[in-house]
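In: coordinates only, sequence not included:
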């Protein structure tokens, strides 16, 4: 049976349905099955805390580099195909040093935001470019390094960033933060960042993360400006093709991370049909904003990509729901979700914010564990993703399907300054 989604009934449900579509296009040795996406710091933050807490002195820059390389090695051991790292959150500027296209965010692009590890990270940042360290190690293992751009990150204090302060004329008027992509200056600024990333690093592709934080336009104007985002993706596709030609390498990959229903995408101005047919995108990661949705309507996305080389990688997050903040998903729960995904047309799975799988012991409440006890499931947590690579293995294993709301809609809407939920308002963003 099919269940309704949050867009249709106002409460997100986690449950059963979905699986299987032929056709892959990839420069990998094998078809891509597993994508893992990390923000600027969470791939290494908790491991670094652990290492520093158990050391009697400040870690050296070379020790930090070795630790980061070891973390990348664990991803290779887990058979991750694409390692997507956020190289810049716009308009924050969470990039490495030396970027010309945007000012760097405070605390060295958030790298030194944790006081416990700041001394070690300052020395490391003075000597190394963290993205280059991860890129080189990943490519040595045959993993693709995908540079992720968060397109309109409205985390608290984003309205204090230099770009936001310097351009009041380009701000979203219907929200408390964020830039309005109807303005050419905003789109040009983001394209400049992407161009600089391609010039600085031999990445294997770009992932456009629209999920941070979904609104590129004022909500009342999004549909009428959708074509502007399509034009942007066409431009990014051209940059990737030029970079591949310059490097004499395989075509570079272009992926997008979007909400988990086609309806919500349309409301936000994300024209997936045009992106697939005109924008040259290679993969789509339907995703909840933060939590684990086993009921993603993969068949809707597979219908959009049918007859093309574009693939669908539904997203697994390790948090259960806004109402149930325990962390840690069991193998049977993950297997059930993956079986749904494959059954309705997915090519593989992606993971997002997956540090919650190992950050605290499953069963502990959110933010309750101390920094030195947050690694009980690392690196075993990655093995839970490895087990989802083979659709046949997933199909044959025991499964545990979950049915519960992802969001307390009224409570969350108050956080994003929307007073009442409506059928046309995506409640997850």
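Out: Received, thanks. Every value quoted in this text rests on a predicted model; they were computed, and no experiment measured them.
In: What is the least confident helix or strand in the chain?
Out: helix 6-9 (a mean of 26; mean pLDDT, DSSP states H and E).
In: just checking, next helix/strand downstream of that helix?
Out: strand 34-38 (DSSP states H and E).
In: Give me the contacts around that following strand.
Out: With Cβ atoms under 8 Å, 6 or more residues apart in numbering as the test, strand 34-38 has contacts from 75, 78-86, 146, 148, 207, 209, 255, 257, 283, 285, 313, 348-352, 354-355, 382, 385-386, 388-389. All C-beta spots, glycine's among them, are computed from the backbone N, C-alpha and C.
In: just stretch 210-221 next, same as before
Out: By Cβ under 8 Å, 6+ apart, stretch 210-221 touches 89, 150-155, 172-175, 178, 180-182, 222, 225, 229, 256-259, 267-270, 287, 289, 352, 425-426, 429.
In: in the stretch 51-200 of the chain, which spans are strands?
Out: Using DSSP state E, counting those that start in this stretch, the strands of the stretch 51-200 of the chain run over 82-89, 144-150.
In: Quick check: which of these is buried the most?
Out: Comparing those by mean neighbour count (mean count of other Cβ atoms under 10 Å), strand 82-89 ranks first with a mean of 27.
In: Which secondary structure elements does it sit against?
Out: strand 34-38, helix 130-140, strand 144-150, helix 184-200, strand 205-209 (3 or more Cβ pairs under 8 Å, 6 or more residues apart in numbering; DSSP states H and E).
In: Make CSV out of the ones you listed and add mean pLDDT and distance to residue 104.
Out: Formatted as CSV, the helices and strands packed on strand 82-89 follow (pLDDT from 0 to 100; distance: least, Cβ to Cβ, whole Å):
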stretch, mean pLDDT, distance to residue 104
strand 34-38, 98, 19
helix 130-140, 98, 13
strand 144-150, 98, 15
helix 184-200, 98, 12
strand 205-209, 98, 19
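In: Columns distance to residue 402 on top of those, output as JSON lines?
Out: Output for the helices and strands packed on strand 82-89, formatted as JSON lines (distance: least, Cβ to Cβ, whole Å):
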{"stretch": "strand 34-38", "distance to residue 402": "21"}
{"stretch": "helix 130-140", "distance to residue 402": "32"}
{"stretch": "strand 144-150", "distance to residue 402": "28"}
{"stretch": "helix 184-200", "distance to residue 402": "37"}
{"stretch": "strand 205-209", "distance to residue 402": "25"}
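In: Next SSE downstream of whichever strand or helix holds residue 340?
Out: Per DSSP H and E, residue 340 falls inside helix 331-343. Sequence order places strand 349-352 as the next helix or strand after helix 331-343, per DSSP H and E.
In: any idea of the mean pLDDT in that next one?
Out: When pLDDT is averaged over strand 349-352, the result is 98.
In: what's that strand in contact with?
Out: Outside strand 349-352, the residues that reach it (Cβ under 8 Å, 6+ apart) are 33-37, 211, 257, 285, 287, 313-318, 337-338, 341, 385, 388.
In: Who does that strand pair with, and is each partner parallel or antiparallel?
Out: strand 34-38 (parallel), strand 315-316 (parallel) (DSSP bridges).
In: tell me the angle the longest one makes with strand 144-150.
Out: Direction vectors for strand 34-38 and strand 144-150, defined by axes from the mean of the first three to the mean of the last three Cα atoms, to 10 degrees, enclose an angle of 40 degrees.
In: Give me the distance from strand 34-38 to the chain's centre.
Out: Its chain's average C-alpha position is 7 Å from that of strand 34-38, according to Cα atoms, centre = their mean, to the nearest Å.
In: For residue 236, which residues are in contact?
Out: Residue 236 makes contact with 191, 194, 206, 208, 254, 279, according to Cβ under 8 Å, 6+ apart.
In: Apply 10 Å and report the result again.
Out: By Cβ atoms under 10 Å, 6 or more residues apart in numbering, residue 236 lies in contact with 149, 190-191, 194-195, 198, 206, 208, 252, 254, 256, 279-281.
In: Show me which of the residues you listed are buried.
Out: 149, 190, 194-195, 198, 206, 208, 252, 254, 256, 279-281 (16 or more other Cβ atoms under 10 Å).
In: TSV for those residues, including distance to residue 163?
Out: TSV is the format used below for the buried ones among the contacts of residue 236 (distance: Cβ to Cβ, whole Å):
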residue	distance to residue 163
149	14
190	10
194	15
195	17
198	20
206	20
208	18
252	26
254	24
256	22
279	25
280	27
281	26
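In: just the strands in the stretch 251-400 of the chain please.
Out: So, for the stretch 251-400 of the chain - with DSSP E, counting those that start in this stretch - the strands run 253-258, 283-286, 311-312, 315-316, 349-352.
In: What is the second one packed up against?
Out: When you say that, I think you mean strand 283-286. strand 34-38, strand 205-209, strand 253-258, helix 262-268, helix 272-277, helix 298-305, strand 311-312, strand 349-352 (3 or more Cβ pairs under 10 Å, 6 or more residues apart in numbering; DSSP states H and E).
In: Could you rerun that using 6 Å?
Out: Counting contacts by 3 or more Cβ pairs under 6 Å, 6 or more residues apart in numbering; DSSP states H and E, strand 283-286 is packed against strand 253-258.
In: packing partners for the strand it packs on?
Out: strand 205-209, strand 283-286.
In: Partner strands of that strand, with direction?
Out: Here, using DSSP bridges, strand 253-258 pairs with strand 205-209 (parallel), strand 283-286 (parallel).
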